[in-house]
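> Next comes the sequence, and after it the predicted model I'd like to discuss.
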Amino acid sequence: MPVLNSSELIKLGNKLLVAAGASEEEAKVVAEELACANLVGHDSHGVMRLVQYAQLIEQGHIVPGNQPEIVREGPAFLVVDAHFTFGQVAAKWAMDQLYEKTKQSGCANAFVRNCNHVGRLGSYTEQAAKLGYAALMSVNAPGPGQVAPFGAMQRRMGTNPISMAAPGNGEAPIVLDMTTSATAEGKLRVAHQSGKQVPEGWLIDGNGNPSTEPADYYNEPNGCILPLGGPLAHKGYGLSVMVDLFCGILSGSGVGRSDLPRGANGVWIQLLDIEQITGKEEYDRWIGPYEEHIKSAKKRTGVDEILFPGEMEQKTYASRIEQGVTIPEETWRQLSELAEKLNVSIQ
């Protein structure tokens, strides 16, 4: 299986995206986000997505060159129409606008509609935390989605992820990045392309039976991803409903729609300026002792270390920066096929 380093991942993304119709500037933003996802261990949001993005461009669902537009605005909020540009481009643009509002108001929100796949949410909230903000970001899928509501066996909701981040005790922020479903669809795709089964509790097949076979999600009749929580999945389902309301309805993207292009999402981003709200010095006075309080807890048998949210990604990043990222054979086959179609070399 091919092993690519950071610069090779970015180069791969740039080549394929430009050949598919993206501008150099758009390709750079998207390629860097995809490479970063691979480096922190979220291969479901990495270069495997290039095939999907090229298809969406070809089908007219991603429209390179389109610019996000503010359609409604107040002192501490903005509503943005992304006009189906690349999700990463729209999200970065919205974040830049939001930083300026938050500096003025201490707290501000952005709601984005007609936004394509933004990639790994934790990337955006982590960057905000490094700049001294507390951040929340969430995304919904206005269309049929991939997830069955609690007790159902039909797709009705997206995986509806949530990310929250804040400065930690040191350079690395504390970053939560999770789906409100049992897994992200991309992780099923990675397992499917790698020929692996998935854990119990992730999905049901098209007849409503528990399954560990990723193909049961993709084959007819389609299976469904389950809400987060196993026997307490009503909690994950409840969170997902609220994500639909905040991201879908408040952004104007909508919920339960069948008339939107594939890949359309609603996005909610909130930034809080820690210096204005509590003071960075006061925040730092608490965060160090808090981390020590958590990590000093007596560990269960077999547990070497208590990790904060985001620490696993930091460890994976350090490892993959040194050793590179292994690309599954099926993913590489699909990327090579795309490169041939676009008449570019990725070898």
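Received, thanks. Numbering: from 1, shown residues only.

> By mean pLDDT, flag the weakest helix or strand of this structure.
The least trusted helix or strand in the chain, going by mean pLDDT, DSSP states H and E, turns out to be helix 185-194, with a mean of 89.

> The helix or strand following that one pairs with which strands, parallel or anti?
As assigned by DSSP states H and E, the chain's next helix or strand after helix 185-194 is strand 203-204. Using DSSP bridges, the strands paired with strand 203-204 in its sheet are strand 210-211 (antiparallel), strand 224-225 (antiparallel).

> Could you name the helices and strands sitting against the least confident helix or strand of the chain?
Under the contact definition 3 or more Cβ pairs under 8 Å, 6 or more residues apart in numbering; DSSP states H and E, helix 185-194 sits against helix 215-218, helix 329-342. Glycine gets a C-beta too; all of them are placed from N, C-alpha and C.

> Buried deepest among those helices, which one?
Of all those, helix 215-218 carries the top mean neighbour count, a mean of 18, counting by mean count of other Cβ atoms under 10 Å.

> on contacts alone, who are the packing partners of that one?
So helix 215-218, by 3+ Cβ pairs under 8 Å, 6+ apart, packs with helix 185-194, strand 203-204.

> can we see that at 7 Å?
The contact analysis (3 or more Cβ pairs under 7 Å, 6 or more residues apart in numbering; DSSP states H and E) places helix 215-218 against helix 185-194.

> which residues sit against the helix it packs on?
Helix 185-194 has contacts (Cβ atoms under 7 Å, 6 or more residues apart in numbering) with 43-45, 48, 146, 159, 197-198, 203, 214-215, 217-218, 225, 328, 330-331.

> Throw together a ChimeraX command that grabs the buried residues out of those residues.
Here is the ChimeraX selection string for the buried members of these, based on 16 or more other Cβ atoms under 10 Å:
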select :43,44,45,48,146,159,198,203,214,217,225,328,330,331
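
> Out of the strands paired with strand 203-204, which is closest to Gly170?
Proximity to Gly170, assessed across the strands paired with strand 203-204 by Cβ to Cβ, is greatest for strand 224-225 (35.3 Å).

> Buried residues in the helix or strand just after that closest one, which are they?
Downstream of strand 224-225, the next assigned helix or strand under DSSP H and E is helix 233-243. For helix 233-243, a neighbour-count test (16+ other Cβ under 10 Å) marks 233, 236-237, 239-241, 243 as buried.

> Excluding chain neighbours, give the residue nearest to Ile274 in space.
Counting by Cβ to Cβ, 6 or more residues apart in numbering, the nearest residue to Ile274 once its immediate chain neighbours are dropped is Tyr283, at 5.2 Å.

> tell me the strands in this protein, going along the chain?
3-4, 69-74, 77-81, 107-115, 133-140, 162-166, 174-178, 203-204, 210-211, 224-225, 265-273, 325-326 (DSSP state E).

> How about residues contacting the first one?
Contacting residues not belonging to strand 3-4 are listed as 12, 324-327 [Cβ under 7 Å, 6+ apart].

> Cross-check the contact I'm expecting between the residue nearest to Ile274 and Asp273.
No. Tyr283 is beyond contact range of Asp273, at 11.0 Å (criterion: Cβ atoms under 7 Å).

> neighbour-wise, which of the two wins?
Asp273 (20 against 16; other Cβ atoms under 10 Å).

> ok, now which ones touch that one?
Residues near Asp273 by Cβ under 7 Å, 6+ apart: 102-103, 106, 133.
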